[in-house]
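S.K.: What would the 3D arrangement of this be:
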Amino acid sequence: EFETKSKEIRYLLVNATTRRDAENSIIGVVGVAQDVTESTKNDRAMSAMARELRQLVDTANAPIFGIDVEGDVNEWNDKTAEITGFSKEEAFDYPLVE
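M.R.: Numbering: from 1, shown residues only. Purely as a prediction, here's the structure:
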């Protein structure tokens, strides 16, 4: 995270390596930076959206569950747990039906 002169926050990906003289003594550092501000902002926005969707599913007033291609539970919201009596931990990775 880097603050510009105009107080704007920018995100930089920085790589650095030592600079050496003929005797292999370190005489400085050479660095290269890439501005990753836009991708960082996008990543943060996607993470926020994923958290909101997770909360929506978990707290929905309807049972929401999912199964994988094997038929095992891979989604189990709070309402499903309330109705069935099985917690998410108890239901996960077990077949929905026998």
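S.K.: How about the contacts made by residue 30?
M.R.: Contact analysis of residue 30 by C-beta atoms under 8 Å, 6 or more residues apart in numbering lists 16-19. No exception for glycine: its C-beta is placed from N, CA and C like everyone else's.
S.K.: quick one: the helices in this protein?
M.R.: Ranges of helices in the chain, per DSSP state H, are 37-59, 78-84, 88-91.
S.K.: closest one to residue 65 among these?
M.R.: helix 78-84 (4.9 Å; C-beta to C-beta).
S.K.: Give me the distance from that closest one to the chain's centre.
M.R.: For helix 78-84, the distance from its own C-alpha centre to the chain's C-alpha centre is 27 Å (C-alpha atoms, centre = their mean, to the nearest Å).
S.K.: need the helix or strand of this protein with the lowest average pLDDT.
M.R.: strand 2-3 (a mean of 92; mean pLDDT, DSSP states H and E).
S.K.: what lines up beside that strand in the sheet?
M.R.: strand 9-10 (antiparallel) (DSSP bridges).
S.K.: For residue 72, list each beta-bridge partner.
M.R.: Note on residue 72: beta-bridge partners residue 95, judged by DSSP bridges.
S.K.: Can you report how many residues neighbour it?
M.R.: Neighbour count of residue 72, defined by other C-beta atoms under 10 Å: 14.
S.K.: Go ahead and confirm it touches residue 96.
M.R.: Yes: counting by C-beta atoms under 8 Å, residue 72 touches residue 96, with 7.4 Å between them.
S.K.: Need the residues touching each of these two.
M.R.: By C-beta under 8 Å, 6+ apart, no residue touches both residue 72 and residue 96.
S.K.: Residue ranges in the chain under the pLDDT threshold?
M.R.: By pLDDT under 70, the chain has no low-scoring segment.
S.K.: in it, which residue is closest to the centre?
M.R.: residue 47 (5.5 Å; C-alpha atoms, centre = their mean).
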